[in-house]
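1. A predicted structure for the sequence below; I have some questions about it.
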Amino acid sequence: MSLIIDVLVGAVRGGTSIMYAGLGETVSERSGVINLGTEGSMLVGALGGYIVCAETGNPWLGVLGAAAAGALIGLMHAILVVWRGANQFASGLTLLFLSLGLTALYGAKYVGDSISGFQIWSIPLLSDIPFIGPILFRQDPLVYCSYLLVPAVWFVLFRTRAGLLLRTAGERSDALNVNGYSVKKVRTVAVVVGAALAGVGGAHLSIAYTNSWFENMVAGRGFIAVALVIFASWNPIRILGGAYLFGAALALGPALQARGVSINQFALAAVPFLLTLAVLAILGKRTLFAAPAELRRVFENAPPDT
């Protein structure tokens, strides 16, 4: 298999966890709440999914456990920032450190264990298509689910009443109040759903991508997902391409090492984060004009309208 195909296969596999988290963060931020605790939701999702899968032998139950664990962190964030008015950045970072501690404590006994998680499924006929087949159709089930999730999130956000309410909470929260809807409830649901998706992203790492658990295995992917939302201008469709771009940066190092190319592994590990900084530096403030109005208030440190 050529280097290009190896990198692109890795881009899809490695970018899927970031995609789930990015879609979840898009849902949250569209309602006017930024969640820097996305990394924490991914961590507890990775451990929760791994534990459930290890104990039951069913990776699909592991996904449900991961979603529930991620949602719990999201609920804590929503209570703090939506209902109690805490600083969104401080709350997210605090919950991240809480997640780091909890997963290190309760995940210690699972380090080194082996599980039977999701395996690669080759889709008949489609997987045999030259070039495209190995990249898109020789993947694990959570990758295939992500193909459907991207248009589903877009449809819900832009073509349903629920999506209209959510976007109104992020753009004109006063309009929701006038029409008798609770801004706090809408934002709470958005944050919890977003964190649940981040939890599933974590589960992809532990029960599909590596089939293992080790401390801090998310390794900054949650922060990349938050940056990706800005990079994608809060558009779920653009999340797809951005996630695969960062996934390719993650896959480049292993692909080169497998071919005996001698490159400092620590330098390669820094590539995704350098790419993140480069994208943010290039985009600058331009993307903030595409941000939901209530989210811009958060960036500007203005009090939210609820």
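-> In hand now; what should we look at?

2. Flag the shaky bits of the stretch 201-306 of the chain, pLDDT-wise.
-> 264-266, 280, 283-290, 299-306 (pLDDT under 70).

3. And the helices in it?
-> Counting by DSSP state H, counting those that start in this stretch, the stretch 201-306 of the chain has helices at residues 221-231, 236-258, 265-269, 271-283, 293-299.

4. Kindly reformat those as CSV containing distance to Leu166.
-> Where C-beta positions appear, they are placed from N, C-alpha and C, glycine not excepted. As requested, the helices of the stretch 201-306 of the chain are arranged in CSV below (distance: least, C-beta to C-beta, whole Å):
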stretch, distance to Leu166
helix 221-231, 15
helix 236-258, 12
helix 265-269, 36
helix 271-283, 24
helix 293-299, 11
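
5. and those helices, which is most packed in?
-> helix 221-231 (a mean of 26; mean count of other C-beta atoms under 10 Å).

6. quick one on the thing from earlier: ok, which of the helices of the stretch 201-306 of the chain comes nearest Tyr147?
-> Among the helices of the stretch 201-306 of the chain, helix 236-258 comes nearest to Tyr147, with 8.7 Å by C-beta to C-beta.

7. Contacts for the closest one, please.
-> 3, 6-16, 18-19, 22-23, 26, 150-151, 153-154, 157, 224-225, 228-229, 231-232, 263, 265, 268-269, 271-272, 275-276 (C-beta atoms under 8 Å, 6 or more residues apart in numbering).

8. Swap in 7 Å and give it another go.
-> With contacts defined as C-beta atoms under 7 Å, 6 or more residues apart in numbering, helix 236-258 is touched by 3, 6-8, 10-12, 14-15, 18-19, 22-23, 26, 150, 153-154, 157, 224, 228, 231-232, 263, 265, 268-269, 271-272, 275.

9. Ok, stretch 98-110 next?
-> Applying C-beta under 7 Å, 6+ apart, the contact partners of stretch 98-110 are Gly40, Leu43, Val44, Leu47, Tyr50, Ile51, Ala54, Ile73, Trp213, Glu215, Asn216.

10. Looking at the chain, which helix is longest?
-> When the chain is parsed with DSSP state H, its longest helix is helix 3-30.

11. for it, which positions count as buried?
-> Neighbour-count burial for helix 3-30, counted by 16 or more other C-beta atoms under 10 Å, picks out 6-30.

12. do stretch 212-222 as well
-> Ser212, Trp213, Met217, Val218, Ala219, Arg221, Gly222.

13. can you check stretch 171-178 too?
-> Glu171, Arg172, Ser173, Leu176.

14. name the element the last one belongs to?
-> Secondary structure assigned from DSSP states H and E places Leu176 in helix 173-178.

15. Turn the contacts of stretch 98-110 into TSV, including secondary structure.
-> Shown next, in TSV, are those (DSSP: H, G, I helix; E, B strand; the rest coil):
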residue	secondary structure
Gly40	helix
Leu43	helix
Val44	helix
Leu47	helix
Tyr50	helix
Ile51	helix
Ala54	helix
Ile73	helix
Trp213	coil
Glu215	coil
Asn216	coil
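
16. And those, which of them are buried?
-> Using 16+ other C-beta under 10 Å as the threshold, Gly40, Leu43, Val44, Leu47, Tyr50, Ile51, Ala54, Ile73, Trp213 are the buried ones among the contacts of stretch 98-110.
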